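A.B. asks: Coordinates for the following, if possible.
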Amino acid sequence: MELGGNDRDEERKELLKFIEGFGAAEIRQLVNIARVMSRPIEEMRSPDSDLVGDGFAAEFRARLLAHHGTHTTGMDRLAFEAALTAAAAQEGHTSTAAPSRTTRFWDVKIDDAQISAKTSAARNMRRDVIEISKLSEAAWIQDMRSARDRHARTLELFRDFVAAVQRWFILRIFETAENFTYELVEIPMSFFDAPVQALSVQEFDSDGPRITVRDPNGRDLFVLALDRSDSKITLKRINKGNCLVHATWVVPKAPIVDDEGRPEA
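C.D. replies: Residues are numbered from 1 along each chain as shown. Coordinates of the predicted model:
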């Protein structure tokens, strides 16, 4: 939902009016952001994406560039949630944040779909494999002493997760000396429904089980792990090839500079 010519003119006038009252620090931040926004950004979109159209892409690009105008690290989860909500709205969707930061499982609602939004920027990330370090806290893991109890509580947690979340997006961030690469990936929720409910009690014999979850055809989907040390559920070895990469953005690194144009430490 791009602004029309008259709207853009009005916003430019409003911006100039604000700038007249800014001091050196405020001007410096705006210049840093403008420098980054003026740099080319590489973007690749999937033709299968039902989310990333022109309006979404323009807003998300702007959010990424504005972030890197003032930060030397990748976008964090809260910034991603805000960018996802704003970009979906610019694409014409109804989008809102979850009612509170403690809402279980989901973070953003787009149209009628409740969405889990996560980020991952681990240095050892593999390009072809997605890992979720914490699907959910699960304090009960410490107290479960039988396979039957672990099995019942795990399947209950996943039933609650699937009931609460309709779509799951993860923003993966790869950093090199030259740039940040952002991948917006959607993990199919079907992985976590019937395949998990089909797990047997025997697979939960270990105190800290690591269970390979497979689809009905025997294809590996992911590894489900109950982490007793941190009381959490983790998901490992999700094949990115089984997911949808909606879009990828490559943001070149640009130095943040001071009033004299010198890179800041």
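A.B. asks: To which secondary structure element is the closest residue to T96 other than its chain neighbours assigned?
C.D. replies: Leaving aside its chain neighbours, T96 sits nearest to K109 (5.1 Å; criterion: C-beta to C-beta, 6 or more residues apart in numbering). In this view, the C-beta of every residue, glycine as well, is placed from N, C-alpha and C. Element membership for K109, per DSSP states H and E: strand 108-110.
A.B. asks: what do you get for V31?
C.D. replies: Under the criterion of DSSP H and E, V31 resides in helix 24-37.
A.B. asks: Packing partners of that helix?
C.D. replies: Secondary-structure packing of helix 24-37 (3 or more C-beta pairs under 8 Å, 6 or more residues apart in numbering; DSSP states H and E): helix 54-70.
A.B. asks: from the chain's centre, how far out does the helix it packs on sit?
C.D. replies: Chain-centre distance of helix 54-70: 14 Å, with C-alpha atoms, centre = their mean, to the nearest Å.
A.B. asks: what residues are up against I187?
C.D. replies: Shown in contact with I187 (C-beta atoms under 8 Å, 6 or more residues apart in numbering): I130, W168, F169, I170, I238, C243.
A.B. asks: What of G53?
C.D. replies: E91 are the contacts of G53 under C-beta under 8 Å, 6+ apart.
A.B. asks: so how far is W249 from it?
C.D. replies: 15 Å (C-beta to C-beta, to the nearest Å).
A.B. asks: can you count the residues close to S146?
C.D. replies: Neighbour count of S146, defined by other C-beta atoms under 10 Å: 11.
A.B. asks: Going along the chain, name the helices of this structure.
C.D. replies: Here the chain has its helices, by DSSP state H, at 5-20, 24-37, 54-70, 77-90, 147-164, 194-197.
A.B. asks: what about the protein, any weak spots by pLDDT?
C.D. replies: The chain contains residues with pLDDT under 70 at 1-6, 254-265.
A.B. asks: rerun at 80
C.D. replies: Applying pLDDT under 80 to the chain flags the ranges 1-8, 254-265.
A.B. asks: sorry, back to before: would you convert the helices of the chain into CSV that also reports mean neighbour count?
C.D. replies: Below are the helices of the chain laid out as CSV (neighbours: other C-beta atoms under 10 Å):
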stretch, mean neighbour count
helix 5-20, 10
helix 24-37, 15
helix 54-70, 19
helix 77-90, 20
helix 147-164, 16
helix 194-197, 15
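A.B. asks: of those helices, which approaches D215 most closely?
C.D. replies: Closest approach to D215 among the helices of the chain is made by helix 194-197 (5.6 Å; C-beta to C-beta).
A.B. asks: which ones are touching the residue nearest to T96?
C.D. replies: Counting by C-beta under 8 Å, 6+ apart, K109 makes contact with T94, S95, T96, A97, A98, I115.
A.B. asks: I110 is in contact with the first one, correct?
C.D. replies: Yes. Taking C-beta atoms under 8 Å as the definition, T94 is a contact partner of I110 at 7.3 Å.
A.B. asks: Tell me which of those two has more neighbours.
C.D. replies: Shown here are T94 and I110; by other C-beta under 10 Å, I110 has more neighbours (21 against 10).
A.B. asks: Surely that one is in contact with A86?
C.D. replies: No. Between I110 and A86 there is no contact under C-beta under 8 Å: 11.3 Å.
A.B. asks: Need the residues touching each of these two.
C.D. replies: Counting by C-beta under 8 Å, 6+ apart, the common neighbours of I110 and A86 are S95.
A.B. asks: Do you have the strands of the stretch 151-265 of the chain handy? List them.
C.D. replies: With DSSP state E, counting those that start in this stretch, the ranges of strands along the stretch 151-265 of the chain come out as 167-175, 179-187, 210-214, 220-227, 232-239, 244-252.
A.B. asks: Going by neighbour count, which residues of the shortest one are buried?
C.D. replies: Which is strand 210-214. By 16 or more other C-beta atoms under 10 Å, the buried positions in strand 210-214 come out as I211, V213.
A.B. asks: Counting by contacts, list what it packs against.
C.D. replies: Applying 3+ C-beta pairs under 8 Å, 6+ apart, one finds that strand 210-214 contacts helix 194-197, strand 220-227.
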